[in-house]
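In: sequence and predicted model, in that order:
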Amino acid sequence: MIMQLVPFCVHCNKTLLFRFEEFLAKKWVSEKRFGLEGCEVLIPALKSIIDQCSFHGVDSFILGMPHRGRLNVLANVARQPLEEIFSQFDPTLEAGEEGSGDVKYHLGMYIERYNRVSGRTVKLSLVANPSHLEAVDPVVQGKTRAEQFYNQDEDGENIMSILLHGDAAFAGQGVVYETFHLSDLPHYTTRGTIHVVVNNQIGFTTDPRVARSSPYCTDVAKVVNAPIFHVNADDVEAVMQVCHAAAQWRHVYHKDVVIDLVCYRRNGHNESDDPKFTQPLMYQKIDNHPKSLSIYKDKLIGDGVVSEEEYQEEVAKYEQICEDSFQAARENPTFKVESWLDSPWKDVNKGDGGMLSIKPTGVEETVLVHIGYAMSTHPGGGFTVHGGVNRMLKQRKQMVDDRIVDWALGEGMAFGSLLKDGVHVRLSGQDVERGTFSHRHHLLHDQKKDRQSYKVLDHIYPNQASYTVCNSSLSEYAVLGFELGFSLASPESLVCWEAQFGDFNNTAQCIIDQFLSCGQDKWHRQNGLVVLLPHGYEGMGPEHSSARLERFLQMSNDDADELPGWNDNFEFQQLHDANWIVANCTTPANYFHILRRQLVLPFRKPLIIMTPKSLLRLPEARSSFDDMTPGTSFRRLIPDTTVTASEDVKKLVFCTGKVYYDLVKARKSLHCEAHIAVVRVEQLSPFPFDLVKNEADKYPMADIVWAQEEPKNMGAWTYVQPRISTALNRNRFATYAGRRPSAATATGNKKLHMMEQQEIIDTVLSL
């Protein structure tokens, strides 16, 4: 069993000897731990990288890695207390304060420690991750970029990332390629990442010859011309030299660099797996191959650097350290949430006192007017604005004069008011600067001068926070992961990712499923990322209609069959207990408020918003300043104020999103306003049980209908149906009005689309 060998200095061969994997194997024979046997040199390699980079001025390291070797890294690189690691092996250990928790080799951590080589205190953050290999890569890069941004370290001199990979995943997972392509983009670069590949020449049971088409597992790094060092992991001193070279490269050039540790895996994929089922000859050789420690120990003893007695003394010393910690963990196994947080926040509490409420999110009208006029101007002074943009700016000014806002203006006012208060706002995604639907125009381009642009929201107030709006690469998986990582760095920021079309989020499903929806439950890690997904049925076909609302609702953790207790803090408590918030706003004012609410809550939750397309320019979908001034706030449900509560109302229609405007337009043309009430559910999850009950109580004789544009097996129907029933104590039930079940989200035939849309309206408005 190799021990982790850390040179006392670059030029001498004296070593510290650590034994960790062997100790775990002895104490927990059959326990999964995904040990590092065969590449134990990774530990001194990482320590050497950190030492050298710290010597060059780096004082904060953000790490991402798979499960293999994670416990060893926690123990001997991050120096997580051994008793806390050993406690994770105790089958009687309780999960902790809240949430489901996760297996020990997925957990993250944050620690500050003294580095003896550089004489500096360094911060180490190991980001929690799922089993999905390489998924953590963009998350680490986003968190690193954010830490650099908030600490004014634009050149990456003080903060950097280190990513660890397996050989099969590095070659096989597309997110590696996507993440590399972020490495030199202006708003995504981290000024150089050191990648370390644990190349054990096998992927679970798969040989390299059927796992990749390239000669080397690291060839993907050639797309950014990163230097790649291939090194024999049994040659400890060669590994140290390579690590020093990689650290120097990053320091001088601020570009990515890759270290390929060519090694082997002494056991199976996990400790109970037999690799000889599939690689019998390979493992015959491994069984007879001397361990790296033996090779290096014999060299040191042969060179007269250490004696056998000194070696055994160091082995015994570390063995005793491990044994003492093991006994301490047996006597008092503990799980402290704060010990396993990769992104601890000091300024945001958990908000579980039960005495808190949500502050109003309206702002003074003078602020709205000031931001509105700022968004209606261009810099002048020879800056040539596109004619169409100039007309749009004049229309914005007219709306401000008329005290109304459309979607883009409401969003800009939310962003601008937060910037005024010192909150950094970041909006990222494909084409977000202009907006997919040419509605936003937050970055104006001079029509006669190349690379001359004007960022509108950066010029509102003299001492405002900075605004970042950046078109991303044509990637969803890596970019959403990046923005998730960015949101982890600070609770006092609004980080938004917008999909070009809502359904494109499914190529980032891993980030949504494994990080966003359950990160707090698994890793006690809050985040306030806002995900904007254009959604709505306008005859644009199956790939540009649905953001797959049903998937987000399915992953929401509120109970359909359990009615929460009514109290004055009902809304607040629901938000606190939710894993995320899912909304489909129908007014710019409500969109304005829900964005601002992200920052006034004393905790952070991901926010998923189905954003509009046709409503961006619909005159009826505008809001008055009166809905955005002090005393106003987000409305989880918007009642029908045009209908008088009476027994004349025969139908109570609940709906969400764009279909509302189609229904009220048709209702008006049929002159049946007095008999049909149309109510908008703006926040779908957590479900507004209280407000739905209030509306149903207004119309005791009305039939209740849920109307939606999506097919019956999609959209919100299967989510709201049992919840409406629960809200009404199962005395009244909702019926369905919408498209029939379908495999595809929408038809690609315009005529059929119109027929389906009319059928929905006819069904809802029939009496």
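Out: Received it, and whenever you're ready, just let me know what you need. Owing to the predicted nature of the structure, the values given are computational and were not obtained by experimental measurement.

In: got the CA coordinates for the strand or helix carrying Glu550 in PDB?
Out: Using DSSP states H and E, Glu550 maps to helix 549-554. Only the C-alpha atoms of helix 549-554 are listed here, as PDB (Å, rounded to 0.1, in the frame of the first residue of the first chain):
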ATOM      1  CA  LEU A 549     -43.100  22.500 -16.700                       C
ATOM      2  CA  GLU A 550     -44.300  19.100 -15.500                       C
ATOM      3  CA  ARG A 551     -40.700  18.000 -14.800                       C
ATOM      4  CA  PHE A 552     -40.000  20.800 -12.500                       C
ATOM      5  CA  LEU A 553     -43.300  20.300 -10.700                       C
ATOM      6  CA  GLN A 554     -42.700  16.600 -10.400                       C
END
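
In: what is it packed up against?
Out: In terms of contacts (3 or more CB pairs under 8 Å, 6 or more residues apart in numbering; DSSP states H and E), helix 549-554 is packed against strand 581-583, strand 683-685, helix 717-727. Yep, even glycine has a C-beta here, placed from its N, CA and C like the rest.

In: what's next to that helix, contact-wise?
Out: By CB atoms under 8 Å, 6 or more residues apart in numbering, the list of residues contacting helix 549-554 from outside reads 512, 517, 535, 580, 582, 584, 608, 610, 684-685, 710, 713-716, 718-719.

In: repeat that for stretch 733-741.
Out: Contacts of stretch 733-741 (CB under 8 Å, 6+ apart): 653-654, 703-713, 715, 717, 720-721, 724-725, 756, 760, 763-764.

In: picking that back up, any idea which of the helices and strands packed on helix 549-554 gets closest to Met160?
Out: strand 581-583 (33.5 Å; CB to CB).

In: for the closest one, the averaged confidence score.
Out: Averaging pLDDT along strand 581-583 yields 98.

In: what's it in contact with?
Out: For strand 581-583, contacts defined as CB under 8 Å, 6+ apart pick out 549, 552-553, 556, 575, 594, 605-610, 682-686.

In: how close does Asn390 sit to Arg396?
Out: Plainly put, Asn390 is 11 Å away from Arg396 if you go by CB to CB, to the nearest Å.

In: okay, now the unreliable bits of the stretch 601-750 of the chain?
Out: Scanning the stretch 601-750 of the chain for pLDDT under 70 picks out no residues.

In: what segments of it are helices?
Out: With helices called from DSSP state H, counting those that start in this stretch, the stretch 601-750 of the chain shows them at 659-670, 689-698, 717-727, 750-765.

In: same question, the stretch 201-350 of the chain
Out: 236-253, 280-288, 292-302, 308-331.

In: what's the closest of the ones you listed to Gln447?
Out: helix 236-253 (36.7 Å).

In: ok so, going back, and the helices of the stretch 201-350 of the chain as CSV, adding mean neighbour count?
Out: Listed next are these as CSV, based on neighbours: other CB atoms under 10 Å:
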stretch, mean neighbour count
helix 236-253, 19
helix 280-288, 12
helix 292-302, 17
helix 308-331, 14
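
In: Pro81: neighbouring residues, count only.
Out: Applying other CB atoms under 10 Å, we find 17 residues neighbouring Pro81.

In: in this structure it contacts Ser325, no?
Out: Yes: the criterion here is CB atoms under 8 Å, and Pro81 meets it with Ser325 at 7.3 Å.

In: residue nearest the centroid of this structure?
Out: Centroid check for the chain by CA atoms, centre = their mean gives Leu484 as the closest residue, at 2.7 Å.

In: so it versus Cys496, what's the distance?
Out: Computed as CB to CB, the Leu484 to Cys496 distance reads 11 Å.

In: can you check Lys522 too?
Out: Applying CB to CB, the value for Lys522 to Cys496 is 23 Å.

In: dump the residue contacts of Glu620.
Out: Glu620 makes contacts with 661, 665, as judged by CB under 8 Å, 6+ apart.

In: against Lys658, how distant is it?
Out: Distance of Glu620 to Lys658, given as CB to CB: 11 Å.

In: more neighbours: which of Lys522 and Cys496?
Out: Neighbour tally, Lys522 and Cys496, criterion other CB under 10 Å: the higher count belongs to Cys496, 24 against 19.

In: the host helix or strand of the more buried one - contacts with which helices or strands?
Out: Taking DSSP H and E as the definition, Cys496 sits inside strand 493-498. Strand 493-498 sits against strand 424-429, helix 477-488, strand 530-534, helix 588-600, with contacts defined as 3+ CB pairs under 8 Å, 6+ apart.

In: pull up the pairing partners for the first one, direction included.
Out: This means strand 424-429. Its sheet considered, strand 424-429 pairs with strand 467-471 (parallel), strand 493-498 (parallel) by DSSP bridges.

In: can you tell me which residues contact the closest residue to Arg604 other than its chain neighbours?
Out: Spatial nearest neighbour of Arg604, excluding adjacent residues (CB to CB, 6 or more residues apart in numbering): Gly528 at 3.6 Å. Residues near Gly528 by CB under 8 Å, 6+ apart: 487, 491, 494-495, 598-599, 604-607.

In: and if we set it to 10 Å?
Out: By CB atoms under 10 Å, 6 or more residues apart in numbering, the contact set of Gly528 is 348, 487-488, 490-496, 580-581, 598-599, 601, 603-607.

In: how about the secondary structure of it?
Out: Assigned by DSSP: H, G, I helix; E, B strand; the rest coil, the conformation of Gly528 is coil.

In: and the residue nearest to Arg266 when sequence neighbours are not counted, what element?
Out: The shortest distance from Arg266 to any residue other than its chain neighbours is 3.8 Å, reached at Glu37 (CB to CB, 6+ apart). Glu37 belongs to no helix or strand when assigned by DSSP H and E.

In: mind listing what Glu37 touches?
Out: Applying CB under 10 Å, 6+ apart, the residues contacting Glu37 are 1-2, 21-22, 25, 68-69, 72, 200, 263-267, 271, 286, 291-292.

In: try Glu483
Out: Listed by CB under 10 Å, 6+ apart, the contact partners of Glu483 are 138-139, 142, 145-146, 188, 426-429, 472, 495-498, 508, 511, 527, 529-531.

In: measure it to Thr586 for me?
Out: Look at Glu483 and Thr586: by CB to CB, they are 26 Å apart.

In: joint contacts of Glu620 and Lys658?
Out: By CB under 10 Å, 6+ apart, the residues touching both Glu620 and Lys658 are Thr586.

In: so, low pLDDT: which residues of this protein?
Out: By pLDDT under 70, the weakly predicted segments of the chain are 1-18, 93-100, 347, 349-356.

In: what do you get if the cut-off is 80, keeping everything else the same?
Out: 1-19, 30, 91-102, 104-105, 271-272, 334-339, 346-357 (pLDDT under 80).

In: could you report the neighbour count for the closest residue to Ser623 other than its chain neighbours?
Out: Sequence neighbours aside, Ala589 is the residue nearest to Ser623 in space, at 3.5 Å (criterion: CB to CB, 6+ apart). Per other CB under 10 Å, the neighbour tally for Ala589 reads 27.

In: what residues are up against Ala589?
Out: Counting by CB under 10 Å, 6+ apart, Ala589 has contacts 362, 404-405, 410, 413-414, 622-629, 632, 634-635, 638.

In: if we go to 7 Å?
Out: Counting by CB atoms under 7 Å, 6 or more residues apart in numbering, Ala589 touches 410, 623, 627-628.

In: show me the two of those that sit farthest apart.
Out: Gly410 and Asp627 (9.4 Å).

In: what about the two, which has more around it?
Out: Higher neighbour count among Gly410 and Asp627: Gly410, with 26 against 19, using other CB under 10 Å.

In: pretty sure the more buried one sits against Asn590.
Out: No: the pair Gly410 / Asn590 is not scored as a contact, 8.6 Å apart, by CB atoms under 7 Å.
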